[in-house]
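Any chance you could fold what I've pasted below:
(chains A and B)
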Amino acid sequence: MQISFTLNGRPTTVDVEPATLVAELLREQLNLTGTHIGCDTSQCGACVVHLDGLPVKSCTLLAPALDGATLLTIEGLQGAPGSNLMHPMQEAFREHHGLQCGFCTPGMLMTAVALAAEKPDLTEADVRHGLEGNICRCTGYQNIVVSVMAGAAAMNAAKGE
Amino acid sequence: MKPFAYHQPDQIPDAAKLLTSIEDSKLVAGGMTLIPTLKQRLANPPALVDLSKLGSLKGITDGGATITIGAMTPHAVVAASKLVQTKIPGLAALASMIGDPAVRSRGTIGGSVANNDPAADYPAGVLGLGATIITSAREIAADKFFLGLFETALGPGEIITAIRFPVPLKAGYTKFKAPASRYALVGVFVAKFAEGVRVAVTGAGPGVFRVPPMEAALSSNFDPSAIAAIKIDTDGLTSDIHAEADYRAHLVTVMAKRAVDAALS
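Okay, the predicted model is just below:
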């Protein structure tokens, strides 16, 4: 079947089998390998992308669900338009060492950005609850939580400018 | 996954017709259970009937003494709904505890209730509040809907369209999460109405169930202390790698007390 959607701001049309997972479509057909497949069982969150602004696990999403929708992947995450800078959440992860091996990071970032966008006054408890679906086997989460708090504050500051 | 045909009807009768005419076809709502099931090849339906194009199944409406939630309404929308937060805060809290943010973006109330997973959260809320399940064919009281392990009163080709909740005086939900899956190891929903209290338990057994002794005790005194001494019979409760039946039985009382506390707060 043919599906049309907006991918990182660009209109995209692809032919897919209905049984295609969005994670597979992104990585194998569209060559966007920033979205990682960790567990492939909807638990680890490495594959989180934004579907119409909401965080979803792309390993548990059938491609037909994209038809008519807007999809944002880690490749589409960026700083202020034209600035060529990292997104404030990416910058916060770099600054606060919110990663070690980096495998879970794309999903962490996508979940974190959605979390911060949804709730401007994030508490640490909100962040820990919000990251329940993202597993990291390196960091022990401490620096990730610090990074998300800092990234959320930076996103708020950018919004206020 | 094995290949399947994909249908996206825009009318409920068309969806029902597809479901009955294609043998072994499955409905897909948010897909949070179905897609993992397909990936593990525990199910190999020849066709999926996607309900996402049925706009009439989405949204939350205020009926005064009731709230009606469309079957395709995602958990995140219920959790964030000012209407649900105001009228049945215990239900909004329940929705906010399901899975993780990504699951709450996609998973739907209708899908959860139709699937009737023994450790799902919504069945406790639906049974605890004595809700009514509205389908493409009829209305079914919660007390007659949940029949056991993944089994419901839904007939062939019958599709849940909405769930109507009576607004209680007070209600609360608490669960002990299985740490990895965040499913309820035991979850208890408590609701106080003018006519009395309802207590519904999920996760502890093969299906959601009510606890009449707790309902009687809480009807005369809606306080955690009223049920502190009530022990749950381990007969029929689940023992698995996550917990033995006696641990689950113990948790029912603990979670029920906390649910009453949540309802009172």
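
any weak-confidence spans in chain A?
Counting by pLDDT under 70, the ranges of chain A that qualify are A:161.

one more time with 90
Within chain A, the stretches with pLDDT under 90 are A:78-85, A:120, A:158-161.

what residues does it put near chain B?
Within reach of chain B by Cβ under 8 Å from any Cβ of the partner chain, chain A has these residues: A:1, A:17-19, A:21, A:40-43, A:45, A:48, A:51, A:54-57, A:60-62, A:64-65, A:111, A:114-115, A:130, A:132-134. Quick note: C-beta positions are derived from backbone N, CA and C, even for glycine.

Which members of the residues you listed occur in helices, if any?
Judged by DSSP state H, the residues of chain A next to chain B include A:111, A:114-115, A:130 as members of helices.

how about the residues you listed, which pair is most distant?
Using Cβ to Cβ, the two most remote members of these are A:Ala114 and A:Gly130, lying 8.3 Å apart.

Between the two, which contacts overlap?
B:Pro101 (Cβ atoms under 8 Å, 6 or more residues apart in numbering or on different chains).

related to what we said a few turns ago, out of the ones in helices among the residues of chain A next to chain B, which is most surrounded?
Compared across these, A:Thr111 has the highest neighbour count, 27 neighbours, by other Cβ atoms under 10 Å in any protein chain shown.

Against B:Gly128, how distant is it?
As judged by Cβ to Cβ, to the nearest Å, A:Thr111 and B:Gly128 stand 30 Å apart.

Return the residues of chain B in contact with chain A.
Residues of chain B lying near chain A by Cβ under 8 Å from any Cβ: B:1-6, B:8, B:28, B:31-32, B:35-36, B:38-39, B:48, B:50, B:52, B:76, B:99-103, B:105-106, B:180-182.

which helix in the chain runs the most residues?
I went with chain A, as the question did not name one. helix A:142-160.

was after chain B, sorry
Counting by DSSP H, the longest helix found in chain B is helix B:245-264.

Domain-wise, how is chain A divided?
A:2-76, A:88-160 (automatic domain parsing).

Pull up the gap between A:Phe5 and chain B, please.
Using Cβ to the nearest Cβ, to the nearest Å, A:Phe5 is found at 14 Å from chain B.

Tell me, how many residues neighbour residue 72?
No chain specified, so I'll use chain A. Counted with other Cβ under 10 Å, the neighbours of A:Leu72 add up to 20.

my bad, chain B
24.

Over to B:Asp24?
B:Asp24 is flanked by 9 other residues according to other Cβ under 10 Å.

and if you look at A:Ser83?
8.

circling back to that earlier point, for B:Pro213, find the nearest of the domains of chain A.
Nearest to B:Pro213, of all the domains of chain A, is domain A:88-160, at 33.3 Å by Cβ to Cβ.

Determine how far that closest one lies from the middle of the whole chain.
Relative to its chain's centre, domain A:88-160 lies at 10 Å (Cα atoms, centre = their mean, to the nearest Å).

Spatially nearest residue to the residue of chain A found nearest chain B, not counting backbone neighbours?
Closest contact between chain A and chain B, by Cβ to the nearest Cβ, is at A:Gly133 (2.5 Å). Excluding the flanking residues, the one nearest A:Gly133 by Cβ to Cβ, 6 or more residues apart in numbering or on different chains is B:Asp100, at 2.5 Å.

ok, that neighbour - contacts?
Going by Cβ under 8 Å, 6+ apart, B:Asp100 touches A:45, A:132-134, B:182.

Can you pull the phi/psi pair for it?
phi -140, psi 180 (degrees, to the nearest 10).

repeat for A:Met89
Here is the backbone geometry of A:Met89 (degrees, to the nearest 10): phi -70, psi -40.

Would you check that it makes contact with A:Ala116?
Yes - counting by Cβ atoms under 8 Å, A:Ala116 is a contact partner of A:Met89 at 6.9 Å.

Which neighbours do the two have in common?
Counting by Cβ under 8 Å, 6+ apart, the shared contacts of A:Met89 and A:Ala116 are A:148, A:151-152, A:155.

okay, now B:Lys17: neighbour count?
Neighbourhood size, B:Lys17 [other Cβ under 10 Å]: 14.

Quick check: closest non-adjacent residue to it.
Using Cβ to Cβ, 6+ apart, the nearest residue to B:Lys17 is B:Gly157, at 7.5 Å.

same question, A:His87
Using Cβ to Cβ, 6+ apart, the closest residue to A:His87 is A:Leu77 (4.6 Å).

dump the residue contacts of that neighbour.
Taking Cβ under 8 Å, 6+ apart, we find A:Leu77 in contact with A:87, A:89-90, A:109-110, A:113.

For chain A, which segments are assigned as strands?
Secondary structure of chain A by DSSP state E: the strands cover A:2-7, A:10-15, A:48-51, A:54-57, A:70-72.

Can you convert those into JSON lines and add a column each for distance to B:Met214?
Below are the strands of chain A laid out as JSON lines (distance: least, Cβ to Cβ, whole Å):
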{"stretch": "strand A:2-7", "distance to B:Met214": "49"}
{"stretch": "strand A:10-15", "distance to B:Met214": "54"}
{"stretch": "strand A:48-51", "distance to B:Met214": "39"}
{"stretch": "strand A:54-57", "distance to B:Met214": "37"}
{"stretch": "strand A:70-72", "distance to B:Met214": "47"}
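
Report the central residue of chain A.
What sits nearest the mean C-alpha location of chain A, by Cα atoms, centre = their mean, is A:Met110, with 2.1 Å.
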